[in-house]
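Enquirer: Could you look at this predicted model? Sequence included:
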Amino acid sequence: MSTISNEKYEAVIGLEVHAQLLTKSKAFAPVSSEYGAAPNTQVTPLCLGHPGTLPVLNENLVRYIIKMGLATECSIAEKSIFARKNYFYPDLPKGYQISQYETPICFGGQIKIELDDYEKTIGITRIHMEEDAGKSIHDQDPYHSLIDLNRAGTPLIEIVSEPDLRTAREAYHYLTKIKQIVQYLGICDGNMEEGSLRCDANVSIRPRGQKKFGTRTELKNMNSFRNVERAISFEIERQIELVESGGEVVQLTLLWDPNKLETRQMRSKEEAHDYRYFPEPDLPPIIVSQELLDDIRAELPELPSIRYQRFVDQLGLSEEDAYILTETKALADYYESVLNVQDNAKAVANVVLTEVLRVLNDRSISIHSFTITPEQLGALITLKLDDKINSSAMQKIFNQLIGSDKDPLALAEEMNLIQVSDTGFIDPIINEVIESNPDEVSRYREGKKALIGFFIGEVMKRSKGKANPKLVRERIVSELESGS
């Protein structure tokens, strides 16, 4: 698709994000909701839509959504009810989905996003609870679609934004921020590839300056953060090109094809009345007492924005370093665990941001799979700060520690990398170097101070790298200056 200048138009984007909660059981049935089990092994008569079965609310579904509501500055409804969202689909055996409609439990919140050159606050219309449907599988049988109902009834929260987003890049950052928050709260793993975080986007365009919204389309099947950005960018350009050529945007639901990098029509866009919502008769209203609210508020962890500010204000880290370290809770936790061993915040940050992230990137693993413990890394950094090893030795020991349970000091001794700071060992070598190089000594004393590097190099060579270079410099300068 050709790129058309969109200076004439602006996009209006709203996101509906589903987060699959990390509860041990389903939303309304006492059966595991764990990902990855064999098809149709995690079902009950309720999941299968058998007549006469009654749902029972999972308390953690309520607690987790309230955590998300508080973290996004939402108001929490004292009373809310469930509703039945009626539609027919093969992987929805009951013929309806238990959700919330008129009375979401969380509403009126906000999320702040930071881009390269500006910040923006995105309104949260509502966050409500619902259950997931099953999964239709179309690629395992040449003649039939297969149904796996393991996911049916899995607890979800849906986070609906205000139409405050204007670019695909803003949508990407907003979605990234949601992932960060749910991971910090420990309520969702945020894995889009496994479907535990899913996103639908409503996209429309309008002439710049116009307040009235244009006709919107809905984008589905975006299975990564980058695909969300790509799909929205494509749809904005498609709508602009359509309008510019004299066409009219029609309200549709579109599927994103990540291989062809284009959208295709799925169906006409549904409205709320298409689902014939009505109150769920088998579940009582959810009553949120002040006691429950206070209890959940006390459980909230330090949120990423607060942790970031603490790293800058109290630990003295740069904004860039603090941003990277707090991007995921697991990395920030690892960093602070190392600080419990070695409290030099900047030195620890430097090693985590260079050496640790290098290994994670090279091996495509998360910090959870990183094998050097915080205790080992803290001890290694301490060896360097105490001048017991040099930078080169630190790098060698770090590489050896990967997959090893050895103590860094023991490893340094085993590898013969401990620096010698004994003047009784260093001074005779310095004297030998000075006596062997009278011309360089004369030139140094005449003002060629850069020759200090030559003398240090000679001492390090004769000591086979064992001498503490910092002490070597001090002793050489003292010796040469005293004789000048």
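Expert: Done, it's in. Only a predicted model underlies this, so the values are computations on that prediction, with no experimental measurement involved. Numbering: from 1, shown residues only.
Enquirer: In the chain, where is pLDDT below threshold?
Expert: Low-confidence segments of the chain, defined by pLDDT under 70: 1-6, 267-273, 483-484.
Enquirer: Let me see the domain layout of it.
Expert: The chain breaks down by automatic domain parsing into domains covering 9-291, 302-414, 423-482.
Enquirer: distance between the ends of the second one?
Expert: Which is domain 302-414. Its first and final residues considered, domain 302-414 spans 41 Å by Cα to Cα, to the nearest Å.
Enquirer: Format the domains of the chain as CSV; extra columns: mean neighbour count.
Expert: (Glycine included, C-beta is placed from N, CA and C.) Rendered in CSV, the data for these read as follows (neighbours: other Cβ atoms under 10 Å):
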stretch, mean neighbour count
domain 9-291, 17
domain 302-414, 17
domain 423-482, 15
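Enquirer: Which residues does stretch 133-150 contact?
Expert: The contact list for stretch 133-150 (Cβ atoms under 8 Å, 6 or more residues apart in numbering) reads 37, 39-43, 47-48, 89-93, 97, 151-152.
Enquirer: nearest to residue 246, of the residues you listed?
Expert: Set against residue 246, the nearest of these by Cβ to Cβ is residue 89 (36.6 Å).
Enquirer: which SS state does that closest one fall under?
Expert: coil (DSSP: H, G, I helix; E, B strand; the rest coil).
Enquirer: Over to residue 110?
Expert: strand.
Enquirer: quick one, what contacts it?
Expert: Applying Cβ under 8 Å, 6+ apart, the residues near residue 110 are 72-73, 121-124.
Enquirer: Now with 6 Å, please.
Expert: Shown in contact with residue 110 (Cβ atoms under 6 Å, 6 or more residues apart in numbering): 73, 121, 123-124.
Enquirer: can I get the residues you listed in a markdown table with secondary structure and distance to residue 446?
Expert: A markdown table is the format used below for these (DSSP: H, G, I helix; E, B strand; the rest coil; distance: Cβ to Cβ, whole Å):
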| residue | secondary structure | distance to residue 446 |
| --- | --- | --- |
| 73 | coil | 69 |
| 121 | strand | 65 |
| 123 | strand | 72 |
| 124 | strand | 72 |
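Enquirer: out of the contacts of stretch 133-150, who's nearest residue 243?
Expert: Checking these one by one against residue 243 (Cβ to Cβ), the nearest turns out to be residue 89, at 32.9 Å.
Enquirer: So what does that closest one have for phi and psi?
Expert: The phi/psi pair for residue 89 (degrees, to the nearest 10) reads phi -160, psi 140.
Enquirer: That one and residue 132: what is the separation?
Expert: Counting by Cβ to Cβ, to the nearest Å, the gap from residue 89 to residue 132 is 12 Å.
Enquirer: for residue 377, same thing?
Expert: 40 Å.
Enquirer: Same question for residue 160.
Expert: 17 Å.
Enquirer: Same question for residue 124.
Expert: 21 Å.
Enquirer: now residue 165
Expert: Applying Cβ to Cβ, the value for residue 165 to residue 132 is 25 Å.
Enquirer: The stretch 1-150 of the chain: strands as residue ranges?
Expert: Per DSSP state E, counting those that start in this stretch, the stretch 1-150 of the chain carries strands over the ranges 9-20, 75-76, 79-80, 83-86, 96-99, 106-114, 119-131, 135-137, 146-148.
Enquirer: Can you check which of the ones you listed gets nearest to residue 190?
Expert: Using Cβ to Cβ, the strands of the stretch 1-150 of the chain put strand 9-20 closest to residue 190, at 7.6 Å.
Enquirer: what helices or strands is the closest one leaning on?
Expert: If contacts are counted by 3 or more Cβ pairs under 6 Å, 6 or more residues apart in numbering; DSSP states H and E, strand 9-20 sits against strand 155-161, helix 168-185, strand 197-207.
Enquirer: related to what we said a few turns ago, relative to residue 455, which of the contacts of stretch 133-150 is nearest.
Expert: Residue 455 has its nearest neighbour among the contacts of stretch 133-150 in residue 37, at 68.1 Å by Cβ to Cβ.
Enquirer: Residue 184: what's it in contact with?
Expert: 301, 303-304, 329.
Enquirer: can you put the residues you listed in CSV and add distance to residue 445 and secondary structure?
Expert: As requested, the contacts of residue 184 are exported to CSV (distance: Cβ to Cβ, whole Å; DSSP: H, G, I helix; E, B strand; the rest coil):
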residue, distance to residue 445, secondary structure
301, 62, coil
303, 61, coil
304, 57, helix
329, 58, helix
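Enquirer: what would these look like in TSV with distance to residue 32?
Expert: Below are the contacts of residue 184 laid out as TSV (distance: Cβ to Cβ, whole Å):
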residue	distance to residue 32
301	25
303	30
304	30
329	25
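Enquirer: packing partners for the longest helix seen in the chain?
Expert: The residue-count maximum for a helix in the chain (DSSP state H) belongs to helix 225-244. The helices and strands touching helix 225-244, judged by 3+ Cβ pairs under 6 Å, 6+ apart, are helix 168-185, strand 197-207, strand 217-222.
Enquirer: can you tell which of those is closest to residue 20?
Expert: Among these, strand 197-207 sits nearest to residue 20 (Cβ to Cβ), with 7.2 Å.
Enquirer: How far away from the center of its chain is that closest one?
Expert: Distance of strand 197-207 from the chain centroid (Cα atoms, centre = their mean, to the nearest Å) equals 22 Å.
Enquirer: partners of it, with directions?
Expert: strand 9-20 (antiparallel), strand 217-222 (antiparallel) (DSSP bridges).
Enquirer: what angle do the first one and helix 168-185 make?
Expert: Angular relation of strand 9-20 and helix 168-185 on a 0 to 180 degree scale: 20 degrees, by axes from the mean of the first three to the mean of the last three Cα atoms, to 10 degrees.
Enquirer: what's in contact with strand 9-20?
Expert: 154, 156-161, 163, 165-166, 171, 178, 182, 188, 196-205, 208, 213, 236, 240.
Enquirer: so how far is residue 95 from the closest residue to residue 159 other than its chain neighbours?
Expert: Nearest non-adjacent residue to residue 159, counting by Cβ to Cβ, 6 or more residues apart in numbering: residue 17, 4.5 Å away. From residue 17 across to residue 95, the span is 26 Å (Cβ to Cβ).
Enquirer: The stretch 251-400 of the chain: helices as residue ranges?
Expert: Secondary structure of the stretch 251-400 of the chain by DSSP state H, counting those that start in this stretch: the helices cover 290-299, 304-313, 319-325, 329-339, 345-351, 357-363, 374-385, 391-401.
Enquirer: sorry, back to before: and of the strands of the stretch 1-150 of the chain, who's closest to residue 421?
Expert: Across the strands of the stretch 1-150 of the chain, residue 421 has its closest neighbour in strand 106-114 (45.7 Å, Cβ to Cβ).
Enquirer: Give the partner strands of the closest one in its sheet and their orientations.
Expert: Strand 106-114 is paired, per DSSP bridges, with strand 75-76 (antiparallel), strand 119-131 (antiparallel).
Enquirer: would TSV of the ones you listed with distance to residue 362 be doable?
Expert: Output for those, formatted as TSV (distance: least, Cβ to Cβ, whole Å):
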stretch	distance to residue 362
strand 75-76	44
strand 119-131	33
